[in-house]
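Novice: Quick one, structure for this:
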Amino acid sequence: MNKYGEYEALLEELYNLVLQEKKITYDYLLKWINEHKISPLTLYLLINDLKKERRVEVSKDSIIIDEDLKIAIPKEIFLVINEENKEVKEIKPSTSKTIIKKEKKST
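Specialist: Residues are numbered from 1 along each chain as shown. This next block holds a predicted model:
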């Protein structure tokens, strides 16, 4: 698997964890990155990507996890809930493919 594929797998794994738990704490995130042998920077990027995709929300409070790079991780990550009916807002990755049909020439 290439590095992009590994990153996408980590992104989905983290999101599935949030789906399951509904809320993830900073301490749990530290344990998770140690288990997966990933850097604080990678965790920071994963969380930001999930936020951009509006799949998770984060607490306003954060903790600086890397002093040199000034990387801050939120104290909590929450599952995005659709307020209208309180259902989980699940966004699945696009798996559609574009198909181009060629017209047959009439002879």
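Novice: Burial check on residue 51, number of neighbours?
Specialist: 15 (other Cβ atoms under 10 Å). The way it works is simple: take the backbone N, C-alpha and C, and place the C-beta from them, glycine included.
Novice: surely it meets residue 44?
Specialist: No: with contacts defined as Cβ atoms under 8 Å, residue 51 does not count as touching residue 44, sitting 10.7 Å away.
Novice: For the lengthiest helix in the chain, buried residues please.
Specialist: The helix that spans the most residues within the chain, counting by DSSP state H, is helix 3-21. By 16 or more other Cβ atoms under 10 Å, the buried positions in helix 3-21 come out as 7, 10-11, 14-15, 18.
Novice: what is the rounded mean pLDDT of the helix or strand just after that helix?
Specialist: Following helix 3-21 in sequence order, the next helix or strand is strand 23-25 (DSSP states H and E). Averaged over strand 23-25, pLDDT sits at 96.
Novice: Show me what strand 23-25 is packed up against.
Specialist: When contacts are defined as 3 or more Cβ pairs under 8 Å, 6 or more residues apart in numbering; DSSP states H and E, strand 23-25 sits against strand 76-79.
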